[in-house]
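Asker: All I have is the shape, not the residue letters:
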């Protein structure tokens, strides 16, 4: 008998949905990343979050993010779960996914990738804290890549998430 997923547990709900749909990722709390830079950005996010509040994008200055800029993506949440626009896309994401800056997620990504990615973003928004996602890409031309990523909500008013920030550690699978 499978355990029921509580509606207030966005991580468990996302993982259950991923298993049911055969998606190639696992989501967990934003802690104990394999990539040191993801642990560092997670610590930075927590240091900028006031008790009970989400940090604003303005708190993440270029100086604070300088080590993460190539792997950074910032997306505007226009309608949670339905409308997301890429505001900033670092050069490593552009290298693998193409230039997405200014594009809407649902218009840029193929439908299957959009559904998975939007579900991850929705879980980040609902969790209201950093999450860790480990994935194996399933879309052409990057099927050979895997990745670990940090994803966290940002809120201009400290309360309502209006952006999602991700830092991705792209990896080529080890050869046998």
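Answerer: Thanks, I have it. Everything quoted here is computed from the prediction, not taken from an experiment.
Asker: Can you classify the residue nearest in space to the middle of the chain by secondary structure?
Answerer: Central residue of the chain (Cα atoms, centre = their mean): residue 151, 3.5 Å from the mean position. Three-state assignment for residue 151 (DSSP: H, G, I helix; E, B strand; the rest coil): strand.
Asker: How about residue 37?
Answerer: Applying three-state DSSP: residue 37 is helix.
Asker: is it true that it touches residue 68?
Answerer: Yes. Here residue 37 reaches residue 68: they are 6.5 Å apart, a contact under Cβ atoms under 8 Å. For every residue, glycine as well, the C-beta is placed using N, CA and C.
Asker: so where's the protein shaky on pLDDT?
Answerer: Within the chain, the segments meeting pLDDT under 70 span 1-7, 80-82, 138-140, 172-176.
Asker: Run through the helices of it in chain order.
Answerer: For the chain, the helices defined by DSSP state H occupy 10-21, 36-48, 62-65, 91-97, 105-108, 111-127.
Asker: Give me whichever of those helices is most buried.
Answerer: The highest mean neighbour count among these, using mean count of other Cβ atoms under 10 Å, belongs to helix 111-127: a mean of 19.
Asker: Tell me how far it lies from the chain's centre.
Answerer: Offset of helix 111-127 from its chain centre (Cα atoms, centre = their mean, to the nearest Å): 8 Å.
Asker: quick one, it and helix 10-21 angle?
Answerer: With axes from the mean of the first three to the mean of the last three Cα atoms, to 10 degrees applied, the angle from helix 111-127 to helix 10-21 works out at 160 degrees.
Asker: Switch the helices of the chain over to TSV; also include distance to residue 30.
Answerer: Below are those laid out as TSV (distance: least, Cβ to Cβ, whole Å):
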stretch	distance to residue 30
helix 10-21	10
helix 36-48	5
helix 62-65	17
helix 91-97	19
helix 105-108	21
helix 111-127	9
